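Asks: I need the structure of the sequence given here:
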Amino acid sequence: MSKSPYAFHRKSLIVLAGASIIAGVGVWFSSHHSISAPEFTASKSEPPQTEPAPALTDTSVSIQNPSTELREPIQPGSFRTPESLGETPFANSLAGTDIDGQLHTDAAGNLVVDLQTKDFFDYFLNTVGEVDPETALGKIESLARSSLPDPAADEAIALLAQYLNYKQKVVALGNHPLDPARQQDPVYQLSMFKQALYDLKQLRTASFDPDTHQAFFGLEEAYGEYTLASLDLQQRNDLSEEARGTLQAWHRQQLPEVIRQTETRLIEEEEVHSRRQSVLAKAASPKDAGEQLRKLGMAPDQADDVVSYLSERKQFESTYDQYQTELTQLQQAGLAPDDLATRQDELLKTHFEDGQTRTWARLKSLEQPSQ
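Replies: This next block holds a predicted model:
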């Protein structure tokens, strides 16, 4: 089976990943609570908190999930959910983590709907399966009620119901099977990707108002369009490599800044990695490799580590050749199987003094053709 041309997109379309929670969550929610926000009630366990969240300095965005957004400072007088569930979260998988995203308001107490809202919902909904839906949804409700003013909490819970309804529809949308006879056809794959992105956009447009749609999925869809454009360029036989690279860079410039910066950085890192691999492949010796790596900007101590490892491997290869020569002679000596095994073990220990090199030798022996 040939390798799919899409394998290099480890950052592939989040929009094609499917629903992150089971449909039963939405069914439970609908059966227990009306979509009308004022009817979804719960008691408050503590008064709303007004202290601002600390500003973060990390400005990167995860390419694995291009929809990740930073937690921004909260305006004085506004409200927000806590950053942590404490030392005993309701699900074991959340232990030692901060809450992704948050529910928060502006200074007037109005709910701010942004990507942090969606991340907050997903942080809890992703535990369904580990815990029952009642527990995950109840925790969202409890934090909203205890942290936000009533109108903002009502709006957040109504938006959660809306989001769950959307999730159920995504599950149904993903139930369309591919044509088995064409699954390995790159052109067919790309057409299915395009159709899936279009269908999801249509569903989101129908499920959310424009501002919520953009807040929840804007970055995700921008990266999806960029990925599809990249795949489309790969399939174009009428373009030179230089033209393809120029157009790829042009599409990259259309990305939102937070994604564009990370994408550009990853490409630059990949180029550096490729140049270093070329050096290792062509170097005349470990010392030569180290010198070339330093010229490419590798830190001296890191280059020294590479030289040390390559020297160790070079010495191993030389020793292994000697070991293999003596082993072949031993195998041709006509010894009984038990005696041969004993002598082979002694030979291995003679040539390779530590466990690591003996393991390397055993693994390399498995690659040799049977005598």
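Asks: on the three-state scheme, Arg362 is what?
Replies: Here Arg362 is recorded as helix under DSSP: H, G, I helix; E, B strand; the rest coil.
Asks: run a quick neighbour tally on it.
Replies: Residues near Arg362, counting by other Cβ atoms under 10 Å, number 11. (C-beta placed from N, C-alpha, C; glycine too.)
Asks: the helix or strand containing Tyr188: how far from the chain's middle?
Replies: In this assignment (DSSP states H and E), Tyr188 forms part of helix 186-207. Remark: helix 186-207 is offset 21 Å from the chain centroid, using Cα atoms, centre = their mean, to the nearest Å.
Asks: against which helices or strands is it packed?
Replies: Here helix 186-207 touches helix 150-173, helix 210-234, going by 3 or more Cβ pairs under 8 Å, 6 or more residues apart in numbering; DSSP states H and E.
Asks: can you redo these as TSV with mean pLDDT?
Replies: Converted to TSV, these look like this (pLDDT from 0 to 100):
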stretch	mean pLDDT
helix 150-173	93
helix 210-234	93
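Asks: can you list the ones you listed in a markdown table and add distance to Leu115 and mean neighbour count?
Replies: Formatted as a markdown table, the helices and strands packed on helix 186-207 follow (distance: least, Cβ to Cβ, whole Å; neighbours: other Cβ atoms under 10 Å):
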| stretch | distance to Leu115 | mean neighbour count |
| --- | --- | --- |
| helix 150-173 | 13 | 19 |
| helix 210-234 | 6 | 18 |
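Asks: next, the buried residues of the helix holding Tyr188.
Replies: Neighbour counts over helix 186-207 (16 or more other Cβ atoms under 10 Å) mark Gln189, Leu190, Met192, Phe193, Ala196, Leu197, Leu200, Lys201, Arg204, Ser207 as buried.
Asks: sorry, back to before: closest to Glu134 out of the helices and strands packed on helix 186-207?
Replies: Of all these, it is helix 150-173 that lies closest to Glu134, at 13.3 Å by Cβ to Cβ.
Asks: so Tyr323 sits against Ala361, correct?
Replies: Yes - between Tyr323 and Ala361 there is a contact under Cβ atoms under 8 Å: 6.5 Å.
Asks: common neighbours of these two, please.
Replies: Leu348, His351, Phe352 (Cβ atoms under 8 Å, 6 or more residues apart in numbering).
Asks: let's see the pLDDT reported for the last one.
Replies: To tie it back to what came earlier, the one meant is Phe352. Listed pLDDT for Phe352 reads 89.
Asks: returning to what we had before: would you format the shared contacts of Tyr323 and Ala361 as a markdown table with distance to Pro180, neighbour count and secondary structure included?
Replies: Below are the shared contacts of Tyr323 and Ala361 laid out as a markdown table (distance: Cβ to Cβ, whole Å; neighbours: other Cβ atoms under 10 Å; DSSP: H, G, I helix; E, B strand; the rest coil):
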| residue | distance to Pro180 | neighbour count | secondary structure |
| --- | --- | --- | --- |
| Leu348 | 49 | 16 | helix |
| His351 | 52 | 18 | helix |
| Phe352 | 50 | 19 | coil |
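Asks: Asp100: which of these is nearest?
Replies: Phe352 (48.4 Å).
Asks: so how far is Ala336 from the closest one?
Replies: Separation of Phe352 from Ala336 (Cβ to Cβ, to the nearest Å): 24 Å.
Asks: then stretch 89-96 to CSV, C-alphas only?
Replies: Taking C-alpha atoms only, stretch 89-96 is exported to CSV below (Å, rounded to 0.1, in the frame of the first residue of the first chain):
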residue,chain,number,x,y,z
PRO,A,89,-10.4,17.2,40.0
PHE,A,90,-13.5,15.1,39.2
ALA,A,91,-11.6,13.2,36.5
ASN,A,92,-8.2,11.5,36.9
SER,A,93,-7.1,12.7,33.5
LEU,A,94,-7.3,16.3,34.6
ALA,A,95,-5.0,15.9,37.5
GLY,A,96,-2.1,18.4,37.5
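Asks: flag the shaky bits of the stretch 251-371 of the chain, pLDDT-wise.
Replies: Applying pLDDT under 70 to the stretch 251-371 of the chain flags the ranges 368-371.
Asks: distance check, Thr264 against Thr246.
Replies: Distance, Thr264 to Thr246, using Cβ to Cβ: 15 Å.
Asks: make that Leu310, sorry
Replies: Distance of Leu310 to Thr246, given as Cβ to Cβ: 37 Å.
Asks: more crowded one of these two?
Replies: Shown here are Leu310 and Thr246; by other Cβ under 10 Å, Leu310 has more neighbours (18 against 12).
Asks: skipping adjacent residues, who's closest to that one in space?
Replies: Of all residues not flanking Leu310 in the chain, Pro286 sits nearest, at 3.7 Å (Cβ to Cβ, 6 or more residues apart in numbering).
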